[in-house]
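Student: quick one, structure for this:
(chains A and B)
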Amino acid sequence: MEILDYLKKEIENLDFNSQKEEIGQVIEVKDGTAKISGLLNVSSMEIIKFEGKGEEVLGIALNLEETEVGAIILGEDSKVRQGDIVRRTGKVISVPVGEEMIGRVIDPLGRPLDGKGKIETKEFGLIEKIGPSVIEREAVDYPLHTGIKIVDSLIPIGRGQRELLLGDRISTKSSVAIDVILNQKNEARRPICIYVAIGQKRSKIARTIEILEKSGAMEYTIVVVAASADPASFWYLAPYCGAAQGEYFMNSGRDALVIYDDLTKHAWAWREVALILRRPPGREAYPGDIFYLHSRLLERAARLSKAKGGGSLTALPIIETQAGDITAYVPTNVISITDGQLFFDAGLYLKGQRPEINVGLSVSRVGSAAQTKAMKKIASTLKLELAQFKELEAFLEFAEEVDQETRNKIERGQRMMMLLRQDERAPLPFEKEVLSVYAAVKGLLDKVKLSDIKQAEKDIFEYFELMKPEVMANIKASRDLSPEVISELEKGIRESLKKYEV
Amino acid sequence: MENEAKTFAKAFAAALEGKDEGGQKQTARNFLEVVARKKKTYLLPKILKELEMIEKESEAVLVLARDLDQGAKEEIEENLKVKLGRDKKFKVEIDQSIIGGFKAKTNNFLIDSSIKTIIENIRKKLV
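Tutor: The predicted structure is shown next:
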């Protein structure tokens, strides 16, 4: 009987007064877009509803022309037919955001894809939003540890920074990006991570999610999926949805990290939509606003001022290059928007260097402001020595005989390069990175054979973990190297490397 | 300058209102003469487009579940004219699937008080 009462109440509350609604009619449907007549007062980026014979399909009004409206269809365009009625909703497109999203896999409209049930959020975030103003921002000064030695020591990334990952198809860009998420597990101030997969195969996405779940990283991660089989409109929306998710955490005073994998596909999707909507094509058939497409997205990454809660949104966009050409249209655009880039060199990849980051072409415009004191103290020498080594290495190809001093430099350089190699799925906590870079910079590894370097590194870690955990804890807590700690490091590393000395 | 073609089209449509066929032909001739005298013949394709729009806008479809008697129909139409504004020529369509009530549709607006929609709304609310 209770149910009956409930139903009665609900029905009584319904409003049966039919209102004058603003509608339009579908004139044309092609490849995920629709042309609509009517919809007189519709606004740009407003959600519209296609009411066909069967289900309701959503769309977004993009082109507002004199007599027609061009819209993208969010869903299967086969469900929309000519003559269907289109209703306005009066809402500019937004997605549900909030704590409830953490650990979930969603589509660009915020609907769950992981079969873990409905997501009930209290808040909505706008898909299209202008990033924080100059006044609301603050300089980036807190590091985002990637767990990748070569990045954290030479090309440090700060929270609120935008660092581009670019490289060829074969490179390990995505894999490094996922390692960055995994490494946040080691962080005391752990950022919420958002991984946006654009145009990837479902099998690849499933594998990525499995990796995240297995390592426990899913506890602080949101995955936004626009798979390769989804329409271009989903590819186009996915990064903005990711940004909206991240903004929620930034605005609540926390840190967030969003990875757009990858923006090349996003640019393709926007090109597709724009061409079908008959917007005039420009260079490489991309529409005129291709720069704005990415700049407005990446401008949403920020470090907020104290008054605004001090949260941050770090963005790691990924771009795929063709044969290492970083001067193509979209790569140059995104390079100029971001605060630096990590260039994944296919040549280095084939030589076996992993991650194959080309230190010469990579840069972080925030620089050492986003490094801990401990790392700053040792990384400056590393950079210099590596640069010298690179110079000599090129020279060595011509000259057979070199003097002892040069030989020493080369040998140390080779050891550093070897030490900077890192396997996939093995991000290192900050204090271990310090140990390993310290050993290389101070020449403590000079006597170790090149082929033994990896094992020697493991031995150092093991020694400190077992014998001197207090040193590690000290580095982690103070984020600095005091003279006492330095002498402990020196002693400990020498001790652990004894067996390699001949 | 407001859309000139639109102004011409509006004037022409107003002039045509309530004339018989002969009168309409004469009005059309006069209209063309005026356009020619003002040296605006290049606007004619645009004017034609605007006229089509005006025509479209004055059209309205009234969907009913079954044929009603003239009195009831007129009463609905009178009320709708107030709501939708301006003169509308209603084309009556019979569609049994709406069960009861009526639906009035123009190019830009829809007033839906069919029983089917009401039931549908209840379903959406309860499911």
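Student: tally of neighbours for the closest residue to B:E93 other than its chain neighbours?
Tutor: In space, and not counting its chain neighbours, B:E93 is closest to B:V63: 4.9 Å by CB to CB, 6 or more residues apart in numbering or on different chains. Quick note: C-beta positions are derived from backbone N, CA and C, even for glycine. B:V63 has 18 neighbours, counted by other CB atoms under 10 Å in any protein chain shown.
Student: which residues of chain B lie near chain A?
Tutor: Listed as neighbours of chain A in chain B under the rule CB under 8 Å from any CB of the partner chain: B:53, B:83-84, B:105, B:107-113, B:117-118, B:121-122, B:125-126.
Student: one more time with 10 Å, if that's ok
Tutor: Chain B comes close to chain A at residues B:3, B:49-50, B:52-53, B:56-57, B:80, B:83-85, B:101-114, B:117-118, B:121-122, B:124-126, as judged by CB under 10 Å from any CB of the partner chain.
Student: hmm, A:P281 is touching A:R271, no?
Tutor: Yes. Assessed by CB atoms under 10 Å, A:P281 is found in contact with A:R271 at 7.9 Å.
Student: so what sits against both of the two?
Tutor: With contacts defined as CB atoms under 10 Å, 6 or more residues apart in numbering or on different chains, the residues shared by A:P281 and A:R271 are A:P287.
Student: those two: which is more packed in?
Tutor: Neighbour count, other CB under 10 Å: between A:P281 and A:R271, A:R271 has more, with 22 against 13.
Student: correct me if wrong, but the more buried one is in a helix.
Tutor: Yes. Under DSSP: H, G, I helix; E, B strand; the rest coil, A:R271 falls within a helix.
Student: now do it, the pLDDT please.
Tutor: pLDDT, A:R271: 97.
Student: let's verify whichever residue of chain B sits closest to chain A: helix, strand, or coil?
Tutor: Here chain B gets closest to chain A at one residue, B:S113, 3.8 Å apart by CB to the nearest CB. Of the three states, B:S113 takes strand according to three-state DSSP.
Student: could you check how far it is from B:I98?
Tutor: 10 Å (CB to CB, to the nearest Å).
Student: of those two, which one has the most company?
Tutor: Set B:S113 next to B:I98 and count neighbours by other CB under 10 Å: B:I98 wins out with 20 against 17.
Student: number of nearby residues for the closest residue to that one other than its chain neighbours?
Tutor: Nearest-residue entry for B:I98: B:S114, 3.8 Å, with adjacent residues in sequence omitted and distances by CB to CB, 6+ apart. By the measure other CB under 10 Å, the count of residues near B:S114 is 21.
Student: shouldn't B:S114 be in contact with B:V63?
Tutor: Yes. Assessed by CB under 10 Å, B:S114 is found in contact with B:V63 at 7.3 Å.
Student: helix or strand: which one has the residue positioned nearest the centre of chain A?
Tutor: For chain A, A:I259 is the residue whose C-alpha lies nearest the centre (CA atoms, centre = their mean; 1.5 Å). Assessed by DSSP states H and E, A:I259 sits inside strand A:255-261.
Student: and if you look at A:S133?
Tutor: Under DSSP H and E, no helix or strand contains A:S133.
Student: what ranges do the strands span in the stretch 51-200 of chain A?
Tutor: For the stretch 51-200 of chain A, the strands defined by DSSP state E, counting those that start in this stretch occupy A:56-64, A:68-74, A:85-92, A:94-97, A:105-106, A:123-126, A:164-167, A:192-198.
Student: how about JSON lines for the ones you listed, with mean pLDDT, mean neighbour count and distance to A:E462 added?
Tutor: Output for these, formatted as JSON lines (pLDDT from 0 to 100; neighbours: other CB atoms under 10 Å in any protein chain shown; distance: least, CB to CB, whole Å):
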{"stretch": "strand A:56-64", "mean pLDDT": "93", "mean neighbour count": "19", "distance to A:E462": "56"}
{"stretch": "strand A:68-74", "mean pLDDT": "94", "mean neighbour count": "23", "distance to A:E462": "53"}
{"stretch": "strand A:85-92", "mean pLDDT": "92", "mean neighbour count": "17", "distance to A:E462": "56"}
{"stretch": "strand A:94-97", "mean pLDDT": "96", "mean neighbour count": "22", "distance to A:E462": "43"}
{"stretch": "strand A:105-106", "mean pLDDT": "97", "mean neighbour count": "22", "distance to A:E462": "37"}
{"stretch": "strand A:123-126", "mean pLDDT": "95", "mean neighbour count": "17", "distance to A:E462": "46"}
{"stretch": "strand A:164-167", "mean pLDDT": "96", "mean neighbour count": "28", "distance to A:E462": "31"}
{"stretch": "strand A:192-198", "mean pLDDT": "97", "mean neighbour count": "28", "distance to A:E462": "29"}
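Student: save those strands as TSV, and put in distance to chain B too.
Tutor: Shown next, in TSV, are these (distance: least, CB to the nearest CB, whole Å):
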stretch	distance to chain B
strand A:56-64	10
strand A:68-74	11
strand A:85-92	7
strand A:94-97	19
strand A:105-106	22
strand A:123-126	20
strand A:164-167	45
strand A:192-198	32
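Student: closest to A:V140 out of these?
Tutor: Among the strands of the stretch 51-200 of chain A, the nearest to A:V140 by CB to CB is strand A:164-167 (15.3 Å).
Student: so B:L64 sits against B:K91, correct?
Tutor: No. In this structure, B:L64 is not within contact of B:K91 by CB under 10 Å, at 11.2 Å.
Student: so between these two, which is more surrounded?
Tutor: B:L64 (21 against 11).
Student: picking up where we left off before, need the overlap of contacts for B:S114 and B:V63.
Tutor: Common neighbours of B:S114 and B:V63 (CB under 10 Å, 6+ apart) are B:95, B:97-98, B:101-103.
Student: buried members of those residues into ChimeraX, please.
Tutor: Applying 16 or more other CB atoms under 10 Å in any protein chain shown to the shared contacts of B:S114 and B:V63, the buried members can be selected in ChimeraX as follows:
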select /B:98,101,102,103
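Student: out of the shared contacts of B:S114 and B:V63, which one sits closest to A:N333?
Tutor: Nearest to A:N333 among the shared contacts of B:S114 and B:V63, counting by CB to CB, is B:K103 at 49.4 Å.
Student: what helix or strand is that closest one on?
Tutor: Using DSSP H and E, B:K103 falls in strand B:101-105.
Student: and that strand, what's its mean pLDDT?
Tutor: According to the model, strand B:101-105 has a mean pLDDT of 83.
Student: ramachandran angles for B:A9?
Tutor: Phi and psi for B:A9, reported as degrees, to the nearest 10, are phi -60, psi -40.
Student: circling back: and the residue nearest to the centre of chain A, what does it touch?
Tutor: A:I259 neighbours (CB under 10 Å, 6+ apart): A:165, A:173-174, A:176-178, A:180-181, A:193-197, A:221, A:223-224, A:239, A:242, A:314-318.
Student: distance of it relative to A:W270?
Tutor: To A:W270, A:I259 is 19 Å away according to CB to CB.
Student: same question, A:F343
Tutor: Taking CB to CB, one finds A:F343 at 24 Å from A:W270.
Student: higher neighbour count, these two?
Tutor: A:F343 (25 against 22).
Student: who's the more buried one bridged to?
Tutor: Per DSSP bridges, the residues bridged to A:F343 are A:L166.
Student: thought it was touching A:S362?
Tutor: Yes. Using CB under 10 Å, A:F343 is in contact with A:S362, at 4.9 Å.
Student: what about the chain, any weak spots by pLDDT?
Tutor: Here I'm looking at chain A. Where chain A drops to pLDDT under 70, the residues are A:1, A:14-18, A:54, A:399-400, A:502.
Student: you answered for a different chain; I wanted chain B.
Tutor: In chain B, residues with pLDDT under 70: B:1-2, B:85-87.
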